[in-house]
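In: Predicted model and sequence below, questions to follow.
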Protein chains: 2
Amino acid sequence: MSNAREQILQTTCTLLEKQGYHGTGLNEIVKESHAPKGSLYYYFPDGKEQITAEAVLQSGKDTAERIRMGLSESGSASKAVSDFVLKVADHVELSGFAAGSPLTTVAMETATQSERINLACREAYGMLQSAFNEKLLECGFAKAKADELATFVVASIEGGIILSRTSHTANPLRLVAKQLKVLLS
Amino acid sequence: MSNAREQILQTTCTLLEKQGYHGTGLNEIVKESHAPKGSLYYYFPDGKEQITAEAVLQSGKDTAERIRMGLSESGSASKAVSDFVLKVADHVELSGFAAGSPLTTVAMETATQSERINLACREAYGMLQSAFNEKLLECGFAKAKADELATFVVASIEGGIILSRTSHTANPLRLVAKQLKVLLS
DNA sequence: GTCTATACGGTGATAGAC
DNA sequence: GTCTATCACCGTATAGAC
């Protein structure tokens, strides 16, 4: 895969993360990614919708990978999940509360506006849930229980990100870490 | 307060709920609210930022009120919160997953972009947390514990809304209701 | 208070040269 | 593959009549 194409996707992820779909312009993406402007519609003939959908999928894949990495560091599901959420808290804090999940905003903005992007978001969230799910299964949770808990874990992390970004404090996310630790133990 | 002004705010709430800040235009607000276009900048001299900030506050106030209403129907905090979340699930489902919280999207979009709107979102979330907090205190939770739980309740509801809107199923929210019921009992 | 008209920048997108 | 020029459109915001 070409370098310019990859650069565009990565930059789009970053911009979506802090500005959302409607807040991010193609010109901005080109400028920020230092990619040749002419190549935008060459690599992404379907325009903004395609770029966003692919960026969302990319981001889902990357995040799921990071979750798996993080979770493998601890044996118990309880500590593993909690530690991961604390890492997210650090990330959000270090970015000056500009970052969070690239999915959250985009998912909300496009849920009923673009089917293509919506499907990408759905798939991306599925990847995150699967990553948590696997860990829970490994740790002995029954299948149905693991499914439910994985969904709840993702939900409360997303909510924690929202509250932390809004309040400009990592406290809500750290609190989510604490509650999930209790819940999973 | 004038009728046009109120109409504009209410319409803005609805549009923000499904489209977010950058996805909602002033022309759209005027058209949808059937308010005289000329009065937009008469009532809101600071433009879009002011309209949004006021709509967010309005929405926070209304939602907090609805939370209090809902919570007062049941005695135990556990059942009260759970029932409220189930109502939210119905609301999201009935709207065809177009609606959710007017705050979520706006809060994420503007966290580091508009101080005025960010402060409004912060205050609005504070109102929601307070509503839950009061109920928890009434039900005998210690102050520190009630604070933590209220934050976690709001976070997981917000996350549930995101997942439900994205997946076009009310399941995530219903699952949040179930988990919170256990957590608070 | 409300209306119409308009300024002006930025948006996504396309065409055609190279 | 990439560049430049250009398109039509929509965004917010303002001016001035009534």
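Out: Everything's here; your move.
In: does whichever strand or helix holds A:K87 come close to chain B?
Out: Element membership of A:K87, judged by DSSP states H and E, is helix A:77-94. No. On the criterion Cβ under 8 Å from any Cβ of the partner chain, helix A:77-94 is out of touch with chain B, staying 9.8 Å away. The C-beta positions use only the backbone N, C-alpha and C, and glycine is treated the same way.
In: State the mean pLDDT of that helix.
Out: The pLDDT scores in helix A:77-94 average 98.
In: do stretch A:42-54 as well
Out: 97.
In: Then stretch A:144-164?
Out: For stretch A:144-164, the mean pLDDT works out to 98.
In: got the CA coordinates for it in CSV?
Out: Extracted in CSV, the C-alpha atoms of stretch A:144-164 (Å, rounded to 0.1, in the frame of the first residue of the first chain):
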residue,chain,number,x,y,z
ALA,A,144,-23.1,-15.4,27.7
LYS,A,145,-21.7,-13.6,30.7
ALA,A,146,-18.5,-12.7,28.8
ASP,A,147,-20.6,-11.2,26.0
GLU,A,148,-22.6,-9.0,28.3
LEU,A,149,-19.6,-7.9,30.3
ALA,A,150,-17.6,-7.0,27.2
THR,A,151,-20.4,-4.8,26.0
PHE,A,152,-20.7,-3.1,29.3
VAL,A,153,-17.0,-2.6,29.6
VAL,A,154,-16.9,-0.9,26.2
ALA,A,155,-19.9,1.2,27.0
SER,A,156,-18.5,2.5,30.3
ILE,A,157,-15.2,3.3,28.8
GLU,A,158,-16.8,5.3,26.1
GLY,A,159,-18.9,7.1,28.6
GLY,A,160,-15.8,7.7,30.8
ILE,A,161,-14.0,9.3,27.8
ILE,A,162,-16.9,11.6,27.2
LEU,A,163,-17.1,12.8,30.8
SER,A,164,-13.3,13.1,31.1
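In: Could I get the buried residue list for it?
Out: Residues of stretch A:144-164 classed as buried by neighbour count (16 or more other Cβ atoms under 10 Å in any protein chain shown): A:146-164.
In: go on, stretch A:70-83?
Out: The neighbour-count check on stretch A:70-83 (16+ other Cβ under 10 Å) flags A:G70, A:L71, A:A77, A:S78, A:A80, A:V81, A:S82 as buried.
In: mind listing what the nearest residue to the last one once chain neighbours are set aside touches?
Out: With Cβ to Cβ, 6 or more residues apart in numbering or on different chains as the measure, A:K181 is the residue that lies nearest to A:S82, at 3.9 Å, once sequence neighbours are left out. With contact taken as Cβ atoms under 8 Å, 6 or more residues apart in numbering or on different chains, A:K181 is in contact with A:S78, A:K79, A:V81, A:S82.
In: Likewise for A:E109?
Out: A:E109 is in contact with A:G20, A:Y21, A:H22, B:Q19, B:G20, B:H22, B:G23, B:T105, B:E109, counting by Cβ under 8 Å, 6+ apart.
In: Okay, the last one and B:E134: tell me how far apart.
Out: When distance is defined by Cβ to Cβ, to the nearest Å, B:E109 is 29 Å away from B:E134.
In: which secondary structure element contains the closest residue to A:L40 other than its chain neighbours?
Out: Leaving aside its chain neighbours, A:L40 sits nearest to A:V30 (5.9 Å; criterion: Cβ to Cβ, 6+ apart). Assessed by DSSP H and E, A:V30 sits inside helix A:26-33.
In: hmm, that helix in reach of DNA strand D?
Out: No. Helix A:26-33 lies out of reach of DNA strand D by Cβ under 7 Å from any atom of the strand, never closer than 8.4 Å.
In: near DNA strand C, which residues of chain A?
Out: Selection of chain A residues close to DNA strand C by Cβ under 7 Å from any atom of the strand yields A:T24, A:G25, A:L26, A:N27, A:E28, A:G38, A:Y41, A:G47, A:K48, A:E49.
In: Out of those, who's the most crowded?
Out: Most neighbours among the residues of chain A next to DNA strand C, by other Cβ atoms under 10 Å in any protein chain shown: A:T24, with 25 neighbours.
In: still on that earlier bit, got the contact list for the residue nearest to A:L40?
Out: By Cβ under 8 Å, 6+ apart, the neighbours of A:V30 are A:I8, A:P36, A:K37, A:L40.
In: Determine the number of other residues adjacent to the third one.
Out: For A:K37, the tally of surrounding residues (other Cβ under 10 Å) stands at 12.
In: Once you drop chain neighbours, what's closest to it?
Out: Going by Cβ to Cβ, 6+ apart, A:K37 has A:V30 as its nearest residue, at 4.7 Å.
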